[in-house]
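Asks: coordinates for the following, if possible.
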Amino acid sequence: MPGRADRRRRAALFCALVGRWGYEAVPAFDGAQALAALEKELVDIVVTDLRMPGIDGIETLDELRKLDEDLQCSVKVDARTEFVGS
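Replies: The predicted structure follows:
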């Protein structure tokens with residue numbers, strides 16, 4: 001899993017990209033932060049990783065559905081295998 005500084009740089013880049021499309025992005029670095037942010041403000045879309053510290057992406061989506069029963073979820077998986085050469 002990437003380090004904290006790397007995750008923050010990736011989030012800043014993603015937020016900047018989403019901002020160019022005319023949306024406001026609210027970064028969160030784990031499921032608990034995401035849920036806390038979404039309890040304060042409803043959003044149009046959630047982009048999450050499935051593997052996160054603490055509450056994972058699927059648990060996060062399950063909790064979001066409890067906050068908004070009409071929430072439509074779509075899970076896209078990008079499975080990549082990293083090979084380590086010797």
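Asks: pLDDT score for Glu41?
Replies: You'll see Glu41 listed with a pLDDT of 82.
Asks: and for the residue nearest to it when sequence neighbours are not counted, the neighbour number?
Replies: Once flanking residues are discounted, Glu41 sits nearest to Val26: 7.3 Å by C-beta to C-beta, 6 or more residues apart in numbering. From N, CA and C alone the C-beta is placed, and that goes for glycine too. Val26 has 15 neighbours, counted by other C-beta atoms under 10 Å.
Asks: what helix or strand is Val26 located in?
Replies: Counting by DSSP states H and E, no helix or strand carries Val26.
Asks: poorly predicted segments of this structure, please.
Replies: For the chain, the stretches flagged by pLDDT under 70 are 1-2, 76, 78-86.
Asks: can we see that at 50?
Replies: 86 (pLDDT under 50).
Asks: mind listing the strands for the protein?
Replies: Read by DSSP state E, the chain holds no strands at all.
Asks: centre-most residue in it?
Replies: The chain has Thr48 as the residue nearest its centroid, 2.5 Å off, counting by C-alpha atoms, centre = their mean.
Asks: skipping its backbone neighbours, what lies nearest it in space?
Replies: Excluding its sequence neighbours, the residue lying closest to Thr48 (C-beta to C-beta, 6+ apart) is Gly57, at 4.2 Å.
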